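> Okay, predicted coordinates and the sequence, questions at the end:
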Amino acid sequence: MAKYRWTAADMPAMDNRTVMVTGANGGVGAATAAAFARAGAHVVLAVRSLHRGQEAASATRGSTEVWKLDLADLSSIRAFAQSWSSPLDILINNAGVAGLAGNVTKDGYDLQFGTNHLGHFALTNLLLPHITDRVVTVASGAHKAGQIHFDDLALRRRRYGFAAAYGQSKLANLLFSLDLERRLQQAGSAVRSLAVHPGYAATSLGTKGRAKVLVAAADLAGRVFAQTGEHGALPSLFAPTQDLPGASYVGPDGRGELRGSPTLVGRSAAASDPATARRLWEVSAELTDVGFGLDVE
């Protein structure tokens, strides 16, 4: 069993702080929101399903509110950001999907790339004028198998593979976090951009629409090998509450980074390439029609 030397109980008091968590209606996102609320923060659960979000909020002890947000719909993201007018200390870009071939966002992009990366890219930049402290983007160890296919981001010209599509979206998360930090520093902003991954946490991610036997096998493996959603949330709690340099990447310290206490971890060479990060930013800005939120180049 993994030993957790740093837990949510080690978080500093979060009184008078506002934290927004996307995808906070279940799994790691709900656990992240609950921990921030217990620490005294006012937590905004930004979720696609208001019903599920309200259920998660009702099970959370502390100050919360639920806002509707569909990261697979750029018009929803714009409406959400236009309605937000208060200071926001911490944004946790947690929501993620693991879709099947042919699934697309409302704007026609591959569901995984469009939701996991483009949705959070647009949301972050639109909210950036209100953010005061940290942007934390949840990636995955799957980024190491990812490749950004700039000539085929929807993966329509090649055989669609779940791992390749998900890996591309998670690599994009890390590259986005990297170039966001560069731009924040260039703008002289005090906001820091960091990335995290939860390790192997027992959630329902990637099970929708799959054969029952595969879902059952994944559930069994999760019960045997995975850590809980509460433990998977630890990197998302550690990164924005510790004094870490911008562009840090936090994950579990156990074998294979599958479980354990949060610590600084390494990223692939592809996820560390500033030229690729800048190119992805420029492509993402064109696809979403959203530029750097502080309007400084």
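Nice, I can see it. In this text, all values refer to a predicted model and were calculated from it rather than measured experimentally. Numbering: from 1, shown residues only.

> quick one: the helices in the stretch 51-200 of the chain?
Taking DSSP state H, counting those that start in this stretch as the test, the helices found in the stretch 51-200 of the chain are 74-83, 111-112, 120-127, 162-186.

> Average pLDDT for the last one, rounded please.
Meaning helix 162-186. Along helix 162-186, the predicted local confidence has a mean pLDDT of 96.

> Over to stretch 195-203?
In this model, stretch 195-203 has an average pLDDT of 88.

> circling back: for Met11, find the nearest of the helices of the stretch 51-200 of the chain.
Met11 lies closest to helix 162-186 among the helices of the stretch 51-200 of the chain, at 21.4 Å (Cβ to Cβ). For glycine as for every other residue, the C-beta is placed from the backbone atoms N, C-alpha and C.

> Just give me the neighbour total for the closest residue to Arg279 other than its chain neighbours.
If the residues on either side of it in the chain are set aside, Arg279 comes closest to Phe150, at 6.9 Å by Cβ to Cβ, 6 or more residues apart in numbering. One way to gauge burial is a neighbour count; for Phe150, by other Cβ atoms under 10 Å, it gives 10.

> Phe150 touches Ser284, doesn't it?
No. With contact defined as Cβ atoms under 8 Å, Phe150 does not count as touching Ser284 (11.0 Å).

> Going by residue numbers, what spans are strands in the stretch 1-150 of the chain?
Chain-ordered strands for the stretch 1-150 of the chain, with DSSP state E, counting those that start in this stretch as the definition, fall at 18-22, 42-47, 63-68, 88-93, 131-138.

> Okay, angle between the fourth one and strand 18-22 too, please.
Going by axes from the mean of the first three to the mean of the last three Cα atoms, to 10 degrees, strand 88-93 is angled at 20 degrees with respect to strand 18-22.

> tell me the mean pLDDT for strand 88-93?
Per-residue confidence for strand 88-93 averages out to 98 on the pLDDT scale.

> and that strand, what other elements does it pack with?
strand 18-22, helix 27-38, helix 120-127, strand 131-138 (3 or more Cβ pairs under 8 Å, 6 or more residues apart in numbering; DSSP states H and E).

> Quick check: neighbours of it in the sheet, parallel or antiparallel?
In the sheet containing strand 88-93, its partner strands are strand 18-22 (parallel), strand 131-138 (parallel), by DSSP bridges.

> and if you look at the third one?
Applying DSSP bridges, strand 63-68 is found paired with strand 42-47 (parallel).

> re earlier: nearest to Ala139, of the helices of the stretch 51-200 of the chain?
Checking these against Ala139 by Cβ to Cβ gives helix 162-186 as the closest, at 4.1 Å.

> tell me the angle the closest one makes with strand 88-93.
Angular relation of helix 162-186 and strand 88-93 on a 0 to 180 degree scale: 160 degrees, by the same axes, to 10 degrees.

> Counting neighbours, which bits of helix 162-186 end up buried?
By neighbour count, and taking 16 or more other Cβ atoms under 10 Å as the criterion, the buried residues in helix 162-186 are 164-184.

> Can you verify my assumption that Val200 contacts Gly254?
In this structure residue 200 is Tyr, not Val. No. With contact taken as Cβ under 8 Å, Tyr200 and Gly254 are classed as non-touching, separated by 9.4 Å.

> For these two, indicate the residue with more neighbours.
Higher neighbour count among Tyr200 and Gly254: Tyr200, with 21 against 18, using other Cβ under 10 Å.

> Now the more buried one: closest residue in space, sequence neighbours ignored.
For Tyr200, ignoring the flanking residues on the chain, the nearest one in space by Cβ to Cβ, 6+ apart is Leu258 at 4.2 Å.

> who touches that neighbour in this structure?
Residues counted as contacts of Leu258 (Cβ atoms under 8 Å, 6 or more residues apart in numbering) are 199-200, 225-227, 252.

> Can you get me a residue count around Pro87?
12.

> In this structure it contacts His130, no?
Yes. Counting by Cβ under 8 Å, Pro87 touches His130, with 5.9 Å between them.

> what's the closest non-adjacent residue to Thr63?
One thing to correct before we go on: residue 63 is Ser, not Thr. His42 (4.4 Å).

> need the contact list for that neighbour.
17-19, 63-65.

> Compute the distance between it and Arg255, please.
Plainly put, His42 is 37 Å away from Arg255 if you go by Cβ to Cβ, to the nearest Å.

> The contacts of Leu258: which two are farthest apart?
Taking Cβ to Cβ, no two of the contacts of Leu258 sit farther apart than Phe225 and Pro252, at 12.6 Å.

> Listing request: residues of the stretch 151-297 of the chain with sub-threshold pLDDT.
Screening the stretch 151-297 of the chain residue by residue with the criterion pLDDT under 70, one finds the ranges 203-225, 296-297.
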